[in-house]
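[1] let me see the structure of the following:
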Amino acid sequence: MAPLHVVILAAGQGKRMKSRLPKVLHRLAGRTLLEHVAAAARRLDPARIHVVYGHGGARVRGAHPALEVSWVEQSEQRGTGHALEQAMPAIPDEATVLVLYGDVPLIDTATLQDTIAAGAGDAIALITAEVDDPSGYGRILRGDDGRVAGIVEEADASAADRAIREINTGILAASAHRLRGWLARLEENNVQGERYLTDVVAMAVGDGVPVSSVSPLAAEEVLGVNDRAQLAMLERRYQRRQAQRLMRAGVTVMDPARLDIRGEVEVGPDVVLDVNVILEGRVVIGEGASIGPNCVIRDTEIGPHTRIFANTVIEQAHIGSDCNIGPFARFRPGTSLADEVHIGNFVEVKNSRVGHGSKANHLTYLGDTEVGKHVNVGAGTITCNYDGAEKHRTVIEDDVFVGSGVELVAPITVHAGATIGAGATVTKDVPAGVLTVSRGRQTTIENWRRPRKKPKSSE
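    You can find the predicted model right below:
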């Protein structure tokens, strides 16, 4: 079998985006357009992926340090045919070449596999699609026998050509040997003065090489991004596909139009996702868990049957099973909760571990803290972990009861079974099994009067 080389053309400026950012660096579902296309290429297990970059090249490469591709610079933008030529020296003659575009992010693996198969050997295959509005695309020209005879770019098309609804997506597959010969014959005698890759199709017909057209399963696969309106449209189509995938897997999505997935999500059956949930990065949600409205969850694992209530933000955390979280809770990186933990409204947890069955239900900050099992942390309690230069750790052992409004000044250890009275400021280790208080004496001042504003004089 011939080795597969994928060439992604990503050199365009994208003037209609009205942006200083190169077009392929605009994001869809949290990843750049180029990352989406490279991921589709990688699923084909190619021998190599080549990315042809040009406009904003340093930024394009700098934004993808781990993309694992061969970068090829097109220093002078002279069209798609010229762009492909830049990658050809690194591709052996016996290879099959698949050409993709850095601004077509939703292409499906199955469609690409069909294209590669149709373009194997002494043949060429291209993806075409019939659309309601073909504006901006090259049109497919067919002969009387119905076979593909060529492609005409819209700028060079006649009125009759522009009425054709079958468009060229630009994605094609052919042998490197054949492509090399056709590319060498390209000319620039067109309205744009560019070397069109599409002209190789007419050359193939003239050389008697079979030309096959492949249709995508869905037209959205081959839609490109030329402006921000199209980017927004593809974002919603991508999110709809993700919501449908989850629902087919047994997830209840309360409103598929108000769910955003910006990464890799693994969700168990009977999970419920309420409206305006955003899942970013690598997120795992266990069976029977529920995520309330307006929650943002990033790079986090959530155990089975845990309930996340509204307006909670979780980042780089591990949440156990059967927990109750929020509403309005925040988890910062490094947080780990055991099973049956309750973290309530306006509680923030950072770089801390909370043991089985422990609770912090109201208005609390736990930073750089080790909390044992069955601990109760009262409302308004904070761990004072930062001295202005260094972070220090607080250890709260099993079965501790911390009253409301307590300040725990780290480094400190509260030993098992201790109780701390409300309003205490604790600066030393607390012994096990005792009550510790730290309060000033309450004083009542008789005959005291609250200051009053002087009445305004009337004139």
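[2] pretty sure residue 249 contacts residue 270?
    No: applying C-beta atoms under 8 Å as the test, residue 249 and residue 270 come out as separate, 10.3 Å apart. Just so you know, the C-beta spots here come from the backbone N, C-alpha and C atoms, and that holds for glycine as well.
[3] who has more neighbours, the two?
    The residue with more neighbours, out of residue 249 and residue 270, is residue 270; 15 against 12, by other C-beta atoms under 10 Å.
[4] ok so that one is a strand residue?
    No: Residue 270 is assigned coil when assessed by DSSP: H, G, I helix; E, B strand; the rest coil, not a strand.
[5] excluding its backbone neighbours, what's nearest it?
    residue 288 (4.7 Å; C-beta to C-beta, 6 or more residues apart in numbering).
[6] OK, contacts around that neighbour?
    Residue 288 is in contact with 268, 269, 270, 271, 304, 305, counting by C-beta atoms under 8 Å, 6 or more residues apart in numbering.
[7] one more pass at 6 Å, please.
    270, 304, 305 (C-beta atoms under 6 Å, 6 or more residues apart in numbering).
[8] which residue packs closest to the last one, ignoring adjacent ones?
    Just to be clear, that refers to residue 305. With C-beta to C-beta, 6+ apart, the residue lying closest to residue 305 is residue 288, at 4.4 Å.
[9] what's the pLDDT at that neighbour?
    Turning to residue 288, the model gives it a pLDDT of 98.
[10] same check on residue 458?
    pLDDT for residue 458: 67.
[11] now do residue 217
    Looking at residue 217, its pLDDT is 87.
[12] what do you get for residue 56?
    pLDDT at residue 56 comes out at 78.
[13] flag the shaky bits of the protein, pLDDT-wise.
    Residue ranges of the chain with pLDDT under 70: 458-459.
[14] now do the helices in it.
    With helices called from DSSP state H, the chain shows them at 33-42, 57-62, 80-87, 109-118, 159-162, 176-184, 199-206, 228-248.
[15] just put these in CSV and tack on distance to residue 443 and mean neighbour count.
    Shown next, in CSV, are the helices of the chain (distance: least, C-beta to C-beta, whole Å; neighbours: other C-beta atoms under 10 Å):
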stretch, distance to residue 443, mean neighbour count
helix 33-42, 65, 22
helix 57-62, 64, 15
helix 80-87, 82, 23
helix 109-118, 75, 18
helix 159-162, 89, 11
helix 176-184, 90, 18
helix 199-206, 92, 21
helix 228-248, 61, 16
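[16] tabulate those (TSV), appending distance to residue 10.
    Below are those laid out as TSV (distance: least, C-beta to C-beta, whole Å):
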stretch	distance to residue 10
helix 33-42	5
helix 57-62	7
helix 80-87	9
helix 109-118	17
helix 159-162	28
helix 176-184	18
helix 199-206	20
helix 228-248	15
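[17] go through those and name the closest to residue 413.
    Judged by C-beta to C-beta, the one of these that comes nearest to residue 413 is helix 228-248, at 44.1 Å.
[18] ok, for residue 344, nearest residue in space, not its chain neighbours?
    Of all residues not flanking residue 344 in the chain, residue 361 sits nearest, at 3.5 Å (C-beta to C-beta, 6+ apart).
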